[in-house]
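Asks: After the sequence you'll find the predicted model.
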Amino acid sequence: MFGEFLSIIFKSIKLDKSLYKDNKNFGEASIYFAGLIMILDGLAGAVAANTVIKTAVAMSGLTAILTWLVWAIFIFVIGVKLFPDKDSKIPFKKVLTAVGFAHAPGLLRFFAVTPNLMIPIIFLTQFWIFAGLIIATKQVLNLKSNLKAFGVVFLSFLIIAFLSISFVMSRMDFLPVSQIS
């Protein structure tokens with residue numbers, strides 16, 4: 001079982017598209033493997049961030065799980081419900097699992113042990129995760145075009161970024177909306 005988990009991580013890091021085509025990678029334990037990857041990704045992010053600012057480890061794990069759900073929801077809604085290909089009829093659980101697997105490059109953030117390494121490693125792993133999400137989206141949703149897979153992931157990213165910035169700014173009383181009574 002641990003060997004299977006490591007195989008999934010290494011295939012994801014190598015951006016191996018066969019990871020998402022092989023149905024044995026989407027068995028009973030797959031959702032737990034994906035969740036564990038996301039929790040470890042959150043912890044790796046906390047380790048990287050702790051080189052500069054103190055980050056609560058539990059909060060990082062919780063944020064990673066929330067991020068996983070949000071990414072999967074947007075990719076599912078955009079790729080399966082709004083702009084589906086004819087073969088894009090797949091269950092949400094498969095998208096959720098694929099999104100979790102695609103975040104495996106984030107585990108490399110454990111190597112950001114000094115402030116000088118933090119920024120380059122975070123940027124590198126974030127682009128790597130983005131590439132993994134594009135590959136996962138194309139394979140799992142059975143999309144014909146790389147451009148469409150990129151579009152689904154990029155549109156999801158834009159929505160998530162907008163919502164995140166809006167949430168943070170509303171908490172900082174910068175948005176005029178927060179001052180309307």
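Replies: Received, thanks. Numbering: from 1, shown residues only.
Asks: measure V168 to I129 for me?
Replies: Separation of V168 from I129 (Cβ to Cβ, to the nearest Å) stands at 21 Å. For glycine as for every other residue, the C-beta is placed from the backbone atoms N, C-alpha and C.
Asks: Can you tell me the SS state at T67?
Replies: Following DSSP: H, G, I helix; E, B strand; the rest coil, we place T67 in the helix state.
Asks: count of neighbours near it?
Replies: 18 (other Cβ atoms under 10 Å).
Asks: quick revisit: between V168 and I129, which one's more packed in?
Replies: Neighbour comparison, V168 and I129: the larger count goes to I129, with 21 against 11 (by other Cβ under 10 Å).
Asks: So which bits of whatever helix or strand T125 lives in are buried?
Replies: Secondary structure from DSSP states H and E places T125 in helix 115-140. Judged by neighbour count (16 or more other Cβ atoms under 10 Å), helix 115-140 contains these buried residues: 118, 121-122, 125, 128-130, 132-140.
Asks: Mind pulling up the pLDDT for A112?
Replies: A112 is assigned a pLDDT of 82 by the prediction.
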